[in-house]
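1. Output the structure for:
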Amino acid sequence: MPGFIHKAAAGAVIASVCSLPQAADKIVKVGFSSPLTGAQAAAGKDNERGLRMAVDELNQKGVKVGADTVKFEAMVEDDQADPKTGVAVAQKLVDAQVKAVFGPYNSGVAIPASKLYNDAGIVMATVGSNPKITLQGFANVYRVSASDSQLGGKMALYAARELKFKRVSLVDDRTAYGVGVAEEFAKVAKANGIEIVSRDFTNDKASDFNAILTSIKGKKPDAVFYGGYFSQAAPMKRQMKTLGLDVPLMGGDAICDTEMGKLGGDAVNGSVYCTQGGGLLKTNSAETFVANYEKRNNAKPMFYAVSFYDAMKLVAEAMSRAGSVEPAKYGPVLAQASFKGVAGTYEFDANHDLKSSPVTIFQFKNGRPEPLANY
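-> So this is what the prediction gives:
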């Protein structure tokens, strides 16, 4: 099992896994928040599968925390990718006295929910990428994936340096995630010689983009950057093809998904670029994770299953190292330790962002995102 390398221990590996569970296991509840219904349900269910896989592995092996062998139980909640629902979910999990929360998936949900979790003294490990999440100064909030500045900025660098784009149109869905990643793209694009020729807005429930795309076509851009999710990006790319707007579509991690290929069909192949923080590299641990995931679920993992899997293992290690399941005790260990997970090494800076989160640029081929370069 991956383990902590504590800074004070100069590379010593701290093992959290011990003997098989005894009869009197201590139950430790953890929470989960992601969209399990609606347009982003596929991503949410993938996140849940990653978390449950980690929980089952930990419970099978047994984790020693202080004098107890603990058994983890996941409280899984559907936040519907909606901020209001996400806050209600957060209150429910706070009332249940969970010891950690994995999620929310969406930045727009994570930002308001984070205050409830932090005020309640509960560790929140999110993949939400908007920089505001970790700039609030909350001691209990951690980001376990790349931020918008990394995702949007690196896509802009690749567009300028490798794809040689000079004119790009921007569209975002007005969510915290979509706005954040689009703004970061625009900032770095402009600094690297790309002109933003138009800026349009939609929403994360929309399906008809013809008016926006007709306007964009008249601007003659080299590409379109979309800040939003695959559920809108896929029909947008299909409509681009129908309108004869024959230019690439770029985006962040939320379009970098096999669902984009399924929903977008032939329109996406060779014509969609996206970024993903971390991801599954070709390592033994990654191959084992994918094989186990496929065996359990009869499906390939999407991008964030591994982040939820790693985050659960990371928190379990911190609890074991601290000898306590209480966030006030294991939180400082989490903040100061380094954890080698399946997707890479998790080590946090002062804001609880990852110190190192390399970004991979992908292009869709045969309906799936294929890696092109690391940035």
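2. Check this protein for its longest strand and report it.
-> Across the chain, the longest stretch assigned as strand under DSSP state E is strand 68-78.
3. pull the CA atoms of that strand into CSV?
-> Taking C-alpha atoms only, strand 68-78 is exported to CSV below (Å, rounded to 0.1, in the frame of the first residue of the first chain):
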residue,chain,number,x,y,z
ASP,A,68,-8.0,0.4,17.6
THR,A,69,-8.4,-1.4,14.3
VAL,A,70,-10.9,0.8,12.4
LYS,A,71,-13.5,0.1,9.8
PHE,A,72,-14.5,2.8,7.4
GLU,A,73,-18.1,3.4,6.3
ALA,A,74,-18.9,5.9,3.5
MET,A,75,-21.9,8.1,3.6
VAL,A,76,-22.6,8.8,-0.1
GLU,A,77,-24.6,11.9,-1.0
ASP,A,78,-25.8,13.3,-4.3
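4. chain center to that strand, what's the gap?
-> Here strand 68-78 is found 21 Å from its chain centre; the criterion is C-alpha atoms, centre = their mean, to the nearest Å.
5. Ok, stretch 241-252 next?
-> For stretch 241-252, the distance from its own C-alpha centre to the chain's C-alpha centre is 24 Å (C-alpha atoms, centre = their mean).
6. Give me the phi and psi angles of the residue lying closest to Met75 once chain neighbours are set aside.
-> The spatial neighbour of Met75 that comes closest, neighbours along the chain excluded (C-beta to C-beta, 6 or more residues apart in numbering), is Gly31 at 5.0 Å. The way it works is simple: take the backbone N, C-alpha and C, and place the C-beta from them, glycine included. Geometry field for Gly31 lists phi and psi as phi -110, psi 160, criterion degrees, to the nearest 10.
7. what is Gly31 paired to in the beta sheet?
-> According to DSSP bridges, the partner residues bridging Gly31 are Met75, Val101.
8. what about it, neighbour count?
-> Using other C-beta atoms under 10 Å, Gly31 has 25 neighbouring residues.
9. Please report the distance of it from His352.
-> When C-beta to C-beta, to the nearest Å is applied, the distance between Gly31 and His352 equals 18 Å.
10. try Lys217
-> On the measure of C-beta to C-beta, Lys217 and His352 end up 43 Å apart.
11. out of the two, which sits in the more crowded spot?
-> Under the neighbour definition other C-beta under 10 Å, Lys217 and His352 were set side by side, and His352 has more, 23 against 17.
12. Need the per-residue pLDDT for the nearest residue to that one once chain neighbours are set aside.
-> Taking C-beta to C-beta, 6+ apart, and ignoring the residues beside it in sequence, His352 has Tyr142 as its nearest neighbour in space, at 4.5 Å. The predicted structure scores Tyr142 at 98 on the pLDDT scale.
13. name the helices or strands packed onto whatever helix or strand Tyr142 lives in?
-> When elements are assigned from DSSP states H and E, Tyr142 belongs to strand 141-143. Contact here means 3 or more C-beta pairs under 8 Å, 6 or more residues apart in numbering; DSSP states H and E; on that basis strand 141-143 packs against helix 107-119, strand 123-126.
14. try 6 Å this time
-> strand 123-126 (3 or more C-beta pairs under 6 Å, 6 or more residues apart in numbering; DSSP states H and E).
15. Can you list the buried residues in the helix or strand hosting Lys190?
-> When secondary structure is defined using DSSP H and E, the element that contains Lys190 is helix 176-191. The neighbour-count check on helix 176-191 (16 or more other C-beta atoms under 10 Å) flags 176-186, 188-189 as buried.
16. I'd like the mean pLDDT over it, please.
-> Average pLDDT, helix 176-191: 96.
17. Show me the contact partners of the next helix or strand after it.
-> Next along the chain after helix 176-191, taking DSSP H and E as the criterion, comes strand 195-201. Contact with strand 195-201 is made by 167, 169-171, 174, 186, 212, 216, 219, 221, as judged by C-beta atoms under 6 Å, 6 or more residues apart in numbering.
18. ok and strand 195-201 relative to helix 176-191, angle-wise?
-> Relative orientation of strand 195-201 with respect to helix 176-191: 170 degrees, computed using axes from the mean of the first three to the mean of the last three C-alpha atoms, to 10 degrees.
19. now strand 195-201: mean pLDDT?
-> Averaging the model's pLDDT scores along strand 195-201 yields 98.
20. got the angle for the next helix or strand after that strand vs strand 195-201?
-> Stepping forward along the backbone from strand 195-201, the first helix or strand reached (DSSP H and E) is helix 210-219. Angle of helix 210-219 versus strand 195-201, following the same axes, to 10 degrees, is 170 degrees.
21. That concludes my questions; thank you for your assistance.
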